[in-house]
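> Any chance you can model this:
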Amino acid sequence: MPSRTLLRCLLGAALLLPAASLSPAVAAGGGRTVDYQGLHLALPAGWRVVDLDRHPDACLRLDRPALYLGHAGSQSECAAGRAVATRADTLHLEPMAGAPPRADVPTLPVDPGTALPPAEGPSGEVRYALRGTGVMATLSYGEDPAAVRGLLARAATPGDAAPAPAPAVPAAGPPPVPRAPREAFAGTGFDACTAPTQKSMDTWRAESPFGAVGIYIGGRARACAQPQLTAGWVRKQTEAGWHLMPIWVGPQPWNSSSTGLSTDPSRAEAQGREAADGAAEAARALGLAPGTPLYDDLENYSDRATWDAPVVAYLTAWTVRLHELGHRSAAYVSASSGAKALSAHYQQAPQSMPDVLWVARWNLSATVTDEDMGLPKGTAQWAGPRRAHQFRGDHDASYGGVTINIDRSRVEVDPAALGPVGGPAGGPVPLS
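Model (predicted):
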C-alpha cells in the first residue's frame, strides 16, 4: 500500500483540481478567478485553492499562498506543530453562519458598501465579517496585510445590496470565566499543530495515555490556523481534566523579516516583551487564568555564537513581562541550543529565567533528567517539578480509532512550586 506520506501528497495534488466554484478564466498575472457566495476573486499566480467541503481533513497551513473555501473540518492532515520560517498570504472564506467565534483572531464587521478597515493582529491574522455577502473572511499574512486585504477588497461585486436582515456576526459571547491552572501534573502529554476536534479530544481522554495537551494560541510563526480553538474549547478540556500547555510561537532564531528574532539583544528584548503582551491577551480571550504558565516556542539553532545572547535576552524579557502581567513564564527550547544558553546564564538573574523549562530532545526517554534536559549533571536549575521533555516528535498516534500527528512529552509541572506571580521579577539578563 502507498505510504501515508505518499497518500497525503496525492491528496494535496487533488485539492488543486478545479472545484465547482472555480472559474476557468485566467486572472491577470497568471492566476485564476474564483467565485464564492457573491465574491469574485482574481488570485495571484501560484495560489492553491482548497475546497474544505470536499476535503474536510485538509490542513489550513499558513506558510503557503492558498485560498480555503468552506468551514474547516478536522484538519487531521496537519503535521505536528512547529514554527514556520516564512508566513504566506492566505485567505479563508466560509459562510458566516456556523463560523466559530475565534478568540485568537480579531474580527471586524463590514457593512455593505463599506471599505475594509485596515487592521493587524498580533499573530498575523485578521477576520472580516462581510455582512453584504454573509461571508467570514480570515486573512493570514507575513509582514503586511495590505496585499491580501486588497485582494479581498477587489472581490466584492459592485452594486450588491444588503440582505434583509443582515447576517449576524458570530459573537464570542460574554468574557470567559478564567480557568485556573490545574494542580500538579506528572504524566505524558502531546501537542499537535491545530487543536483537535472535541470528538477527538473526548476519545483520547478516554483511550490514550495522555493527560496534558499543548495548544498553539498564537504568534507570528504559528504554522496552522486554529478554527477549533475557542474559549468554549478551552473550558471543555479543563473540565474534562486535561492539563493545558498554552504555546505562543514568537520570533525565531533565524533570518526572516516576518518571523525572525533580531540578532541585536536590545531589539530581541523588546520582541520578548511584545510576545508576552500578545500571549497574555490571547490567554485572556481564551479564558486562561492569570498564573497559567505560558510557553514560548523557540526552535533549535546551531550557531550559538550568534544566537545565544539574543535568545537569552528575549526569553528573560518574556519572563519579566509575563510576571508583570500576572502570568507564569515557560519556554520550549532545544536541549542542544536554547536550554544550554539559558543554563549558562541562569545565575546572572535566576528570577528572570522561565519558571518552567520544556526541552526538545527526541531520544525516546520519557523522563526529565538533567541529561534529557541538556542541563549540567546534578543541577538545581528548574528543579521543582518545573520541567517537561519532548522525547518523540512528528509521528502518527492512534487511540480509539482517532489518529493525530503529534509530538510526545513527559510533563512534570506543579504550579505551587513556581513561586508567586503578579509583580516584577527583576530585569532581563544584561547581554551585549
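> Tell me where the stretch 151-300 of the chain has helices.
198-207, 231-239, 265-285 (DSSP state H, counting those that start in this stretch).
> From T194, how far off is D89?
Distance of D89 to T194, given as C-beta to C-beta, to the nearest Å: 19 Å. To be clear about C-beta, it is placed using only N, CA and C from the backbone, and glycine gets the same treatment.
> Of these two, which one has the most company?
The neighbour comparison of D89 against T194 (other C-beta atoms under 10 Å) goes to T194, with 27 against 23.
> And the helices of the stretch 151-300 of the chain: which comes nearest R154?
helix 265-285 (29.9 Å; C-beta to C-beta).
> ok so, going back, columns mean neighbour count and distance to Y332 on top of the helices of the stretch 151-300 of the chain, output as TSV?
Formatted as TSV, the helices of the stretch 151-300 of the chain follow (neighbours: other C-beta atoms under 10 Å; distance: least, C-beta to C-beta, whole Å):
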stretch	mean neighbour count	distance to Y332
helix 198-207	16	21
helix 231-239	18	19
helix 265-285	21	13
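> of all these, which lies closest to A103?
Of all the helices of the stretch 151-300 of the chain, it is helix 265-285 that lies closest to A103, at 4.0 Å by C-beta to C-beta.
> all strands for the stretch 151-300 of the chain, in order.
For the stretch 151-300 of the chain, the strands defined by DSSP state E, counting those that start in this stretch cover 185-191, 210-218, 243-248, 293-297.
> Identify, out of these, the most deeply packed stretch.
Comparing these by mean neighbour count (mean count of other C-beta atoms under 10 Å), strand 293-297 comes out on top with a mean of 26.
> Quick check: which helices or strands does it pack against?
strand 210-218, strand 243-248, helix 265-285, helix 304-324, strand 328-334, strand 356-360 (3 or more C-beta pairs under 8 Å, 6 or more residues apart in numbering; DSSP states H and E).
> can you rerun that using 10 Å?
Contact partners of strand 293-297 among helices and strands, from 3 or more C-beta pairs under 10 Å, 6 or more residues apart in numbering; DSSP states H and E: strand 210-218, strand 243-248, helix 265-285, helix 304-324, strand 328-334, strand 356-360, strand 386-399.
> That one: partners in the sheet, and parallel or antiparallel?
Here strand 293-297 has these sheet partners by DSSP bridges: strand 243-248 (parallel), strand 328-334 (parallel).
> Dump the ones you listed to a markdown table, plus mean pLDDT and distance to E77.
Rendered in a markdown table, the data for these read as follows (pLDDT from 0 to 100; distance: least, C-beta to C-beta, whole Å):
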| stretch | mean pLDDT | distance to E77 |
| --- | --- | --- |
| strand 243-248 | 96 | 20 |
| strand 328-334 | 97 | 23 |
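> So which of those strands is nearest S365?
Nearest of these to S365, taken as C-beta to C-beta: strand 328-334 at 15.4 Å.
> Good, wrapping up.
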